[in-house]
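**Q** Mind looking at a prediction? Sequence and model below.
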Amino acid sequence: MKRWLSIFLAALILFGAVGCTNTSSGGDETTLPPETAAPVQKTLVLAEGVGTDYVVLRAENGSDADVAQAIRLRKAIAETVGVDLAMGTDWVRSAADIPAVAHEIVVGHTNRPQTVSALENDLLSRDWGIYFTDGRVTIVGGDDAATEAAVDYFVENLLDAEGKKLELEEGFAYIHRHVYPLGEITLNGVSLKEYTVVIPAAPNVFEENAAHALCDYLLAQGGFTLPVIRDSEPRAEHELLIGATSRPESKKYDGLKYGEMEYLLTAEGSHAVLRGEGYLVGGAVGALAALIRPEKAGEATAAQLSTAGKPEKFIFADKAKNMILLIGDGMGYNQIELALANGMEFFIPRFFPNQGEAKTYSASSSITDSAASGTALSSGYKTNNRYLGMTPRGEKKPNIREVAHDAGAQTAVITTDALTGATPAAFTAHVKDRDMSAEIKAQQAAIEIDYLAGKVGNGIVDETRAALRTIADGDSESFFIMVEEAYIDKHAHSNAGDDVVRTVKLLNDIAAYLSQFVFLHPDTALIVTADHECGGIMKKADGTFYFTSDNHTGVNVPVSAVGAGTDFFGGKTVENVEIARFMGRAWGVEKLGA
C-alpha cells in the first residue's frame, strides 16, 4: 500500500522547552527567534554503553501495525546506534502503577501519560508527534499510518548514524500537522466538535450507516470524529439527530411528507434534525457536509442551519468524478430473491433511482467466466474466458483503476476472495490465463495502489470504510474503488443455498454503508452489479427455490445505481462493457477499451 505520507501537504512544527506557546490542535505555534533562544542542553539518551536499560514499549493490546512499528524501531536502533534494547508492553495492574519517570521508548497508542495527552490535546487522525519528557521518548500518530510516519522521521532524522547516538533535549516535542480539507467549523455558532450524534435506540440500517458515514467523513476530511449515542442515553447540550429519534426536536417531524429525493435538515434550538425516508436520511447528512465544506481547503467555516423545517431535494452532480463499483460475484436476480425469502428485509440497491441490467457473455462464449466478465467491467472490452486484462488477441489495455490512477486519483480494490482471484485481478493485472497466480502476484506487487486487500471475509464492511477513509480524504481530486463479495458465486457453484443467502446479505450490508457514503460525496457514482449469474436458481410456484446448475449461466444481471450521472443506467439493458466506459468518462476517456 502506498503510504499517504508521500502525498499529503502538512505543517511541521518543531518546538522544545525554550519555544512553544500553544500546542493545541488548530492553534498557532510559535518559537522564540534564534537570536533570543536560550542554549539547549541535550541529554545523551542512547549510545555505546549508554541507555541500555531503555525498553521499546508498545501497547499490550495494540494494533498489528503498532506492534510492527515497535519492532522496526528496535531493529533500527540496534543497527544505527548499536544498542540492543529489550521489548515490552504497557501492561500495568492499574493506572497508578504507570511510572511517572521511566527509561522507555514508547511507540503507538499506549497508556503512557504523554501518549494519552498527545492524542487528547495535540493530534488529529493523521498528525503525529515525537516527545521527550522525564526520560521517556514517545512516538505516536493519530492513526496507524501516522505512527508509521513518526517512526520514519525518528529513524531518519533523530538517530545519529554517524555519531552512533540519540540525543534529545528535555521537553523536546516535534509535531507534524496534516492540512485537512475541513478547517475549524462552527454550526449555528457552536464548534462542531461540541456536538454529539444521536441515532434511535433501535436504528434502521440507513440511520446507523448515515451516522457511520458522517463520522468517517469528518475523520477523513477533518481529522476528528464525534461521539455517537442512542436516544435512550441522556441528552447532550448540542446534538445532531439522525433519523427518527425519540428526542422531541426530531419527533416534531414525524409524519412529514417527502417528495422524490427529498430530505430534512433543520435547526431546532441547540439541536439539528436530519431526516429522510429510507436511504434518503443520507441526503440530510450529505446536505450538512455540503454546508460545512469550505471553499478552500483548511479554511474556517461558520455554517448556519435553516429553521424552516421544510424538506429539500438532494441533487447529485451532473457528472461523476469518483467511482464506486460493488460487484456481487455470481449474483443474479434469483440469488437476491432467495435472500429476500430467507430473512433479508430488503435489498438496498433496489431503492436506488436508476435500475437496469447488463448482458454478460464473453468474446469466446455465451456463458462468461469471472476473468472475461471482470475484464469487461474493468476495461471496457469483451475478451475470451480465462483472459484477464487482455484482448482476445493478447493485447494489454488499461483498466479503469489504471486510468484513474494515471489521472491522479487514489484507488482501492477490496475482495473477500484471494487477490489473485479473477475479479480483483481484472483490476490489477494483465495475463492470458486466470490461473497464472504467481504472475498476477508479481504484477500486483509492482503497481501503485492506495489500498489493496483480499480475503477480507466478514469484516468487509469495516475494510471498505477504512479504504474509503484512505482514498476519499481530499488528498487527491478523485478516487476509484472496486469492492467484491466473491462467495455468492462460490456457494452457488456448490448449490449451498443457505450460504448464498448469507453472502448476499453481506453484500447488502456493504451497500447499506455505501448508500449513505455517496450522499457525502455528491460527485460520486455508486454502481452495484454482478459479473454473471451462477447456479441457475429458479423459483417454484410454491415459493421455494432450487438450483438448475452448478456453474455459470448466461442470463442478464441487475445493475442498480445512484449518484452523479447514473441516470445513464435507468431503465436500460446494457452490455457489461458499458459500465467500464461510463466509469472511464470520469477521467476523460470517452470509450474505454473501444
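**A** Yep, it's here.

**Q** so what's residue 101 up against?
**A** 134-136 (CB atoms under 8 Å, 6 or more residues apart in numbering). For every residue, glycine as well, the C-beta is placed using N, CA and C.

**Q** what about burial for those residues, which qualify?
**A** With neighbours counted by 16 or more other CB atoms under 10 Å, those contain buried members at 135-136.

**Q** Out of the contacts of residue 101, which is nearest to residue 394?
**A** In terms of CB to CB, no member of those lies closer to residue 394 than residue 136, at 60.4 Å.

**Q** So which residues of the stretch 101-250 of the chain form strands?
**A** For the stretch 101-250 of the chain, the strands defined by DSSP state E, counting those that start in this stretch cover 104-107, 128-133, 136-141, 166-169, 172-178, 185-187, 190-191, 196-199, 228-230, 239-242.

**Q** Which strands and helices lie in contact with the fifth one?
**A** Here strand 172-178 is seen to pack against strand 10-15, strand 128-133, helix 144-153 when contacts are counted using 3 or more CB pairs under 8 Å, 6 or more residues apart in numbering; DSSP states H and E.

**Q** follow-up on the earlier one: TSV for the contacts of residue 101, including pLDDT?
**A** Output for those, formatted as TSV (pLDDT from 0 to 100):
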residue	pLDDT
134	91
135	93
136	96
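
**Q** what about the residue nearest in space to the middle of the chain, distance to residue 513?
**A** The residue lying closest to the centre of the chain (CA atoms, centre = their mean) is residue 468, at 2.5 Å. Applying CB to CB, to the nearest Å, the value for residue 468 to residue 513 is 9 Å.

**Q** what residues do those two have in common as contacts?
**A** With the criterion set as CB under 8 Å, 6+ apart, the contacts of residue 468 and residue 513 do not overlap.

**Q** returning to that earlier point: redo the strands of the stretch 101-250 of the chain as CSV? Include distance to residue 525.
**A** Shown next, in CSV, are those (distance: least, CB to CB, whole Å):
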stretch, distance to residue 525
strand 104-107, 41
strand 128-133, 34
strand 136-141, 33
strand 166-169, 50
strand 172-178, 28
strand 185-187, 27
strand 190-191, 34
strand 196-199, 27
strand 228-230, 28
strand 239-242, 24
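
**Q** if we compare these, which one ends up closest to residue 319?
**A** Closest among the strands of the stretch 101-250 of the chain, using CB to CB: strand 185-187, at 27.8 Å.

**Q** Partner strands of the closest one, with direction?
**A** Next to strand 185-187 in the sheet, as set by DSSP bridges, lie strand 190-191 (antiparallel), strand 301-303 (parallel).

**Q** longest helix in this protein, by residue count?
**A** helix 497-520 (DSSP state H).

**Q** Now do the helix or strand just after it: which elements does it pack against?
**A** Where DSSP states H and E defines the elements, the next helix or strand beyond helix 497-520 is strand 524-529. Here strand 524-529 is seen to pack against strand 322-328, helix 497-520, strand 557-563, helix 577-584 when contacts are counted using 3+ CB pairs under 8 Å, 6+ apart.

**Q** Figure out which of these is closest to residue 293.
**A** Going by CB to CB, the one of the helices and strands packed on strand 524-529 nearest residue 293 is helix 497-520, 9.7 Å.

**Q** so for that closest one, what's the average pLDDT?
**A** Mean pLDDT, helix 497-520: 98.

**Q** tell me which residues in it are buried?
**A** In helix 497-520, counting by 16+ other CB under 10 Å, buried: 497, 500-520.

**Q** can you check stretch 487-495 too?
**A** Those would be 487-493, 495, for stretch 487-495 by 16+ other CB under 10 Å.

**Q** out of these, which are inside helices?
**A** 487-493.

**Q** nearest to residue 143, of the residues you listed?
**A** Nearest to residue 143 among those, with distances taken as CB to CB, is residue 487, at 29.6 Å.

**Q** Which residue is the nearest non-sequential neighbour of that closest one?
**A** residue 503 (4.4 Å; CB to CB, 6 or more residues apart in numbering).

**Q** Likewise for residue 62?
**A** Using CB to CB, 6+ apart and skipping the chain neighbours, the partner closest in space to residue 62 is residue 108 (5.4 Å).

**Q** How many residues are close by the nearest residue to residue 582 once chain neighbours are set aside?
**A** The shortest distance from residue 582 to any non-neighbouring residue, by CB to CB, 6+ apart, is to residue 568 (5.7 Å). Each residue near residue 568 was counted by other CB atoms under 10 Å, and the total is 18.

**Q** Contacts only, for residue 481.
**A** Per CB under 8 Å, 6+ apart, neighbours of residue 481: 323-325, 411-414, 451, 464, 467-468, 471.

**Q** quick revisit: tell me the gap between the longest helix of the chain and the middle of its chain.
**A** Relative to the chain's own centre, helix 497-520 is displaced by 16 Å; criterion: CA atoms, centre = their mean, to the nearest Å.

**Q** quick one: it to strand 557-563, angle?
**A** 20 degrees (axes from the mean of the first three to the mean of the last three CA atoms, to 10 degrees).

**Q** and the gap between residue 247 and residue 274?
**A** Counting by CB to CB, the gap from residue 247 to residue 274 is 12 Å.

**Q** now residue 463
**A** 27 Å.

**Q** quick one: which of the two has more around it?
**A** residue 274 (29 against 21).

**Q** Contact partners for the more buried one?
**A** 210, 240-243, 263-265, 281, 284-285, 288.

**Q** I'd like the mean pLDDT over stretch 53-73, please.
**A** pLDDT averaged over stretch 53-73 gives 96.

**Q** Quick one, grab the pLDDT at the closest residue to residue 243 other than its chain neighbours.
**A** Nearest residue to residue 243, sequence neighbours excluded (CB to CB, 6+ apart): residue 207, at 3.3 Å. We have a pLDDT of 98 for residue 207.

**Q** just checking, residue 207 touches residue 199?
**A** Yes - Residue 207 lies in contact with residue 199 (CB atoms under 8 Å); the separation is 5.1 Å.

**Q** any common contacting residues for these two?
**A** In contact with both residue 207 and residue 199: 242-243, using CB under 8 Å, 6+ apart.

**Q** Kindly reformat the helices and strands packed on strand 172-178 as CSV and extend each row with mean neighbour count and mean pLDDT.
**A** Shown next, in CSV, are the helices and strands packed on strand 172-178 (neighbours: other CB atoms under 10 Å; pLDDT from 0 to 100):
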stretch, mean neighbour count, mean pLDDT
strand 10-15, 15, 34
strand 128-133, 24, 96
helix 144-153, 22, 96
